[in-house]
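A.B. asks: Take this sequence and fold it.
(one chain, ligands or ions: 1)
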Amino acid sequence: MSLYQTSNLRLALLRALPKSFANALQQHPSPIPIDVSKAHIQHEYYSSVVRENVDYAIDVDVDEKHPDCCFIEDTAIIVGRDVIITRIGAESRREESRAVAKVLSDDSLKDFEFRMHQLVAPACLDGGDVLQLGDKVFVGLSLRTNLAAIEQLEKILPGRIKTIPVGGGLHLKSVLSAIDDTTLLAADSRVARQMAEEIISALEGKAQIFYVPDVVAANVVRLGPKLLIQAGYPNSEKILRKAALDRQMEVITLDMSELVKADGALSCCSLLVP
Ligand code: GLY
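C.D. replies: Residues are numbered from 1 along each chain as shown. Here you go, the predicted model:
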């Protein structure tokens, strides 16, 4: 099973955008404030697309005390049957993982036979720093993810972790993502190129890479035969459409402009299980 399989994924976890979203963390506060009503519409459309394209979706209860709670990807990593509940790097977000851990360990998901693990202090890790490709798990060493987390992950997934220093941007996946197990996508910037080249070299060159001119467009989500990409970046879209067409994938464009203001990429808003 692969996150990039052509058939539908089995499970997705989503978490609604809270009314408090205007207070979400912003690495570089936008000069134009977040339009929370528009953010709700954008997030709800994203969620509906995910729900329609997975076998089963669960909505984790929204948490108004945590303005970033819709960025559910940061709360857990799911690698095969291993579920690793993270200890989120930003202290104000740390409690977001608790509700997700409860859902994933619920009896209703017992058929998934998840093995639950929990990262503990001093580890800090955001799921946005984790990219799975084949049997490798690339982990960004970033503003949010530290070496202690990588050491704990190595014990849970021996031999599978590869550390990638994040030279810029919030997370590893702020500047790169994947279309399938051997196709990487990265922003056409010095920092992203360096990170992408490290990944390709860890894959012993057995992967192709596409560079896109817009950083935001470098984060995509693969949902079975569909590829979700950001709307509003025509030069990047042209490259992504060609890559998708060559792989017989259908493209769905989503406008996530208000979530981008809070450093939200497409992958941030769901937790996917193949
Ligand atoms: N606003 C997303 C984050 O900072 O984690």
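A.B. asks: Could you use CA atoms for every contact and neighbour count after this?
C.D. replies: Will do.
A.B. asks: tell me the SS of the residue lying closest to Leu25 once chain neighbours are set aside?
C.D. replies: Leaving out its chain neighbours, the residue that sits closest to Leu25 by C-alpha to C-alpha, 6 or more residues apart in numbering is Ala262, at 5.9 Å. With DSSP: H, G, I helix; E, B strand; the rest coil as the basis, Ala262 sits in coil.
A.B. asks: who's in contact with the residue in the chain that the ligand sits nearest to?
C.D. replies: Using C-alpha to the nearest ligand atom, the single residue of the chain nearest to the ligand is Leu25, 4.0 Å away. Leu25 makes contact with 67-68, 262-263 under the criterion C-alpha atoms under 8 Å, 6 or more residues apart in numbering.
A.B. asks: Widest-spaced pair of those?
C.D. replies: By the measure C-alpha to C-alpha, Pro67 and Asp263 form the most distant pair in these, at 12.7 Å.
A.B. asks: what does the protein have sitting close to the ligand?
C.D. replies: Proximity of the chain to the ligand, by C-alpha under 6 Å from any ligand atom, involves residues 24-26, 68, 262-264.
A.B. asks: Dump the contacts of Leu25 to TSV, plus neighbour count, pLDDT and distance to Cys269.
C.D. replies: Formatted as TSV, the contacts of Leu25 follow (neighbours: other C-alpha atoms under 10 Å; pLDDT from 0 to 100; distance: C-alpha to C-alpha, whole Å):
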residue	neighbour count	pLDDT	distance to Cys269
Pro67	21	98	13
Asp68	28	98	10
Ala262	21	97	12
Asp263	23	97	11
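A.B. asks: Pick out whichever of those sits closest to Leu245.
C.D. replies: Nearest member of these to Leu245, counting by C-alpha to C-alpha, is Asp263, at 28.3 Å.
A.B. asks: which ones are touching that closest one?
C.D. replies: Taking C-alpha under 8 Å, 6+ apart, we find Asp263 in contact with 25-27, 170, 174.
A.B. asks: from those residues, which single one is nearest Met1?
C.D. replies: Looking across the contacts of Asp263 and measuring by C-alpha to C-alpha, the closest to Met1 is Ser174, at 24.8 Å.
A.B. asks: Tell me how many other residues crowd the closest one.
C.D. replies: 26 (other C-alpha atoms under 10 Å).
A.B. asks: I figured it hits Ala262, correct?
C.D. replies: No: with contacts counted by C-alpha atoms under 8 Å, Ser174 stays clear of Ala262, the gap being 11.7 Å.
A.B. asks: excluding its backbone neighbours, what's nearest the residue nearest the centre of the chain?
C.D. replies: Of all residues in the chain, the one closest to the mean position by C-alpha atoms, centre = their mean is Ser267, 3.4 Å from it. Once flanking residues are discounted, Ser267 sits nearest to Val221: 5.7 Å by C-alpha to C-alpha, 6+ apart.
A.B. asks: Can you get me a residue count around that neighbour?
C.D. replies: If you count neighbours by other C-alpha under 10 Å, Val221 ends up with 25.
A.B. asks: any chance of the contacts of Leu25 in CSV, with distance to Arg160 too?
C.D. replies: Formatted as CSV, the contacts of Leu25 follow (distance: C-alpha to C-alpha, whole Å):
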residue, distance to Arg160
Pro67, 33
Asp68, 29
Ala262, 31
Asp263, 28
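A.B. asks: For the helix ranked longest in the chain, give me every contacting residue.
C.D. replies: Looking across the chain with DSSP state H, the single longest helix is helix 36-52. With C-alpha under 8 Å, 6+ apart as the test, helix 36-52 has contacts from 12, 14, 16-17, 19, 21-22, 57, 223, 254-259.
A.B. asks: Those residues in strands, which ones?
C.D. replies: Cross-referencing the contacts of helix 36-52 against strands under DSSP state E gives 12, 14, 57, 223, 254.
A.B. asks: Would you check that the third one makes contact with Leu9?
C.D. replies: So the one you mean is Ala57. No: checked against C-alpha under 8 Å, the pair Ala57 and Leu9 is beyond contact range at 9.9 Å.
A.B. asks: Looking at those two, which is more packed in?
C.D. replies: Comparing Ala57 with Leu9 by other C-alpha under 10 Å, the one with more neighbours is Leu9, at 24 against 21.
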